[in-house]
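Q: here is a sequence with its predicted model. Questions after.
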Amino acid sequence: MSRNRRGLALLVTGALALAGCTADPAPRRESRSTPTPGATPSVTPGPAGVGDPYFPTAGNSGYDVERYTLKVRYDPASDELRGDATVRATAGADLPLFHLDLAGLTVRRVTVDGVPARHTREGTELVVTPAAPVRAGAAFTVQVGYDGRPEPLRNETIGEGGWLHTADGAVALGQPESASTWFPVNDHPSDKAAYDFEITVPKGLVAVANGVPGGQRPAAGGFTTWRWSEAAPMASYLSTVVIGKYRTSTGEHQGRPVFSAVASSLPRGAADDSIARTVAVADYLESVFGPYPFAAYGGVVVDEPRIRYALETQSRPVYSANFFRGGENTGVVAHELAHQWFGDSVSVARWADIWLNEGLATYAEWLWAEHEGRDTAQATFDQEYTTADDAVWRVPPAAPGAANLFSESVYQRGAMAVHALRVTVGDDAFFRLLKTWAAEKRNGNATTAEFVATAERVCGQQLDDLFAAWLYGTERPGPPTRR
Ligand code: TRP
Ligand code: ZN
């Protein structure tokens, strides 16, 4: 990855380093067999998985969560977390038992609709047997009391995610999984839900989560409870909690609250200035993608050496301080904010579709650079197209394989695919497509096949050959031309 020119590629290197992957990512890519274009092996969902071919045990089947109410008390001095999670869901089938994902921690008590339920642990699954089966179609409420010292999760293939105890607090963050290290959850983006957070921390520390701030109130023992609420459906990996000593800034923009935080350990400067551009960048992206999808804005900069990436946590991305060591960096802000439309509002239905997130977010960086008077998107495309290494052409971005989820093919070739589409269909159709896609799939999940169908409909052209080459091919496509 020595030829990285933009921050985000560095970010991916960081994420993989965090994951404990090989220092040189190239051999890791080469070791993967080439996936069949467009094909995903089918996985039959059982209660312990939602059927994602890349992560068979991620999520659970049989129900759909509407809301998580998470009351968590955390004391950084002892690293002890005490949680009370209420999960409101609807059964999709009769449920004599059901699973939630929960990694580590000790479960003290489970009730279903107020009645104590039997519960056991199987690896990172919490298996709940209600006193009476939940009937198909019924809404039900699970309450889980738990405690312990949270530990980050080593994902089957791509690394660490979850609750990290930091010098003065904690950061809960990670993709494709992180949530199950601090609350019981249906941990897959196909089951999006609303979230209410009540995070109780020692007085003097800040506790930030997603969505609209609900203020603070004193709690027992010299603690303070911070409330946050994310009303729009959110994928579990987009949830975050950041606890520690932070400089906060608040405001309002377009009638929405703005709440940002920068680690107090960082000198005032580039990080603060870059995060302060959040609303300006969001307004620019709104002009390209359509209305900003959420009820709040913000960003959090953490100063934690094990976090070397940024993540598009909903309404409030989290950034490693590393992005701002060389001065102001709005490229990474543009990338994470673009994800608010593509990734967060329009979420993947399965992880194989990750290029829909990363290709579009990387393309947003190109557009933002052009808007700021730096390289045009065409110039960036030309540069990438002529210098991308073999692995980028060998790995198909729309079927990268689990180990290559965050590879350069997904990011850079994904963005090149977006630009190739633009060149092919022309600017009018292309920008209409971006807005249509964001609007039609808003607050939902989407697949590559749906993107292709929407593109063909909006642009009035058959585009399967273009997408076959750019998204599924295993060699460099010819340069795009206007049709
Ligand atoms: N999705 C993140 C982004 O593009 C980056 C990322 C890749 C990441 N892999 C990760 C973040 C693993 C956390 C964990 O902005
Ligand atoms: Zn991204």
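A: Everything's here; your move. Ligands and ions are numbered 1, 2, ... in the order given.
Q: rest of the way, CA atoms for contacts and neighbours
A: Fine.
Q: Tyr195 is in what secondary structure piece?
A: Using DSSP states H and E, Tyr195 maps to strand 193-202.
Q: could you say what helices and strands that strand packs with?
A: Packing contacts for strand 193-202, counted by 3 or more CA pairs under 8 Å, 6 or more residues apart in numbering; DSSP states H and E, involve strand 63-75, strand 206-208, strand 223-234.
Q: repeat the analysis, applying 6 Å as the threshold.
A: Other helices and strands packing on strand 193-202, by 3 or more CA pairs under 6 Å, 6 or more residues apart in numbering; DSSP states H and E, are strand 63-75, strand 223-234.
Q: what's the closest of the ones you listed to ligand 1?
A: Proximity to ligand 1, assessed across the helices and strands packed on strand 193-202 by CA to the nearest ligand atom, is greatest for strand 223-234 (14.9 Å).
Q: show me what that closest one is packed up against.
A: Against strand 223-234 (3+ CA pairs under 6 Å, 6+ apart) you get strand 193-202, strand 212-219.
Q: so what's the gap between it and the chain middle?
A: Strand 223-234 has its C-alpha centroid displaced from the chain centroid by 17 Å (CA atoms, centre = their mean, to the nearest Å).
Q: and stretch 474-482, by the same measure?
A: Mean C-alpha position of stretch 474-482 versus that of the full chain (CA atoms, centre = their mean) differs by 30 Å.
Q: residue numbers of the stretch 151-300 of the chain in contact with ligand 1?
A: Selection of the stretch 151-300 of the chain residues close to ligand 1 by CA under 6 Å from any ligand atom yields 174-175.
Q: which stretches in the stretch 151-300 of the chain count as strands?
A: 153-155, 159-165, 170-173, 193-202, 206-208, 212-219, 223-234, 241-244, 246-253, 256-263, 297-302 (DSSP state E, counting those that start in this stretch).
Q: just to revisit the earlier point, the strand holding Tyr195 pairs with which strands, parallel or anti?
A: The strands that strand 193-202 pairs with in its sheet are strand 63-75 (parallel), strand 223-234 (antiparallel) (by DSSP bridges).
Q: any stretches of the stretch 351-483 of the chain with poor pLDDT?
A: Counting by pLDDT under 70, the stretch 351-483 of the chain contains no low-confidence segment.
Q: where do the helices of it begin and end?
A: Using DSSP state H, counting those that start in this stretch, the helices of the stretch 351-483 of the chain run over 355-371, 377-387, 390-394, 408, 414-425, 427-440, 448-459, 464-467.
Q: mind listing what's buried along the second one?
A: By neighbour count, with 16 or more other CA atoms under 10 Å as the criterion, the buried positions of helix 377-387 are 377-378, 380-381, 384-385.
Q: now do Ser61 against His99, distance only.
A: With distances taken as CA to CA, to the nearest Å, Ser61 is found 8 Å from His99.
Q: so for these two, which residue has more residues nearby?
A: Counted by other CA atoms under 10 Å, Ser61 and His99 do not tie: His99 has more neighbours, with 28 against 21.
Q: thought Arg82 was touching Arg73?
A: Yes: the criterion here is CA atoms under 6 Å, and Arg82 meets it with Arg73 at 5.1 Å.
Q: next one: stretch 142-160 to chain centre, how far?
A: That offset, for stretch 142-160, works out to 17 Å (CA atoms, centre = their mean).
Q: for stretch 87-99, same thing?
A: The gap between where stretch 87-99 is centred and where its chain is centred comes out at 25 Å by CA atoms, centre = their mean.
Q: what of stretch 368-385?
A: In terms of CA atoms, centre = their mean, the centre of stretch 368-385 is set 25 Å apart from its chain centre.
Q: which residues touch that stretch?
A: 366-367 (CA atoms under 6 Å, 6 or more residues apart in numbering).
Q: check stretch 468-483 too.
A: By CA under 6 Å, 6+ apart, the list of residues contacting stretch 468-483 from outside reads 37, 393-394, 396-398, 417, 420, 423-424.
Q: any stretches of the stretch 1-150 of the chain with poor pLDDT?
A: 1-45.
Q: list the contacts of the residue of the stretch 201-350 of the chain found nearest ligand 1.
A: For the stretch 201-350 of the chain, the residue positioned closest to ligand 1 under CA to the nearest ligand atom is Leu311, at a distance of 4.4 Å. By CA under 6 Å, 6+ apart, Leu311 lies in contact with 317-318.
Q: check the one 5 residues further on too.
A: When contacts are counted by CA under 6 Å, 6+ apart, Arg316 touches 298-299.
Q: hang on, it is in a helix, isn't it?
A: No: counting by DSSP: H, G, I helix; E, B strand; the rest coil, Arg316 is not part of a helix but coil.
Q: and the pLDDT at it?
A: At Arg316, the pLDDT value in this model is 98.
Q: any idea how far Ala179 is from it?
A: From Arg316 across to Ala179, the span is 16 Å (CA to CA).
Q: could you find the closest non-adjacent residue to Trp366?
A: Spatially, and ignoring its direct neighbours in sequence, Trp366 is nearest to Ala377 (5.1 Å; CA to CA, 6 or more residues apart in numbering).
Q: any idea how far that neighbour lies from ligand 1?
A: Distance of Ala377 to ligand 1, computed by CA to the nearest ligand atom, to the nearest Å: 19 Å.
Q: Thr200: neighbour count?
A: By other CA under 10 Å, neighbour count at Thr200 equals 27.
Q: correct me, but it touches Arg227?
A: No: between Thr200 and Arg227 there is no contact under CA under 6 Å: 8.8 Å.
Q: right, and Trp173 touches His165 too?
A: To be clear, residue 173 is Leu; Trp isn't right here. No: applying CA under 6 Å as the test, Leu173 and His165 come out as separate, 11.4 Å apart.
Q: and the two? Which one has more around it.
A: Leu173 (28 against 20).
Q: for that one, what are its contacts?
A: Neighbours of Leu173 in contact, by CA under 6 Å, 6+ apart: 162, 240.
Q: pLDDT score assigned to it?
A: Reported pLDDT at Leu173 in the predicted model: 96.
Q: show me what it is bridged to.
A: Going by DSSP bridges, Leu173 forms beta bridges with Gly162.
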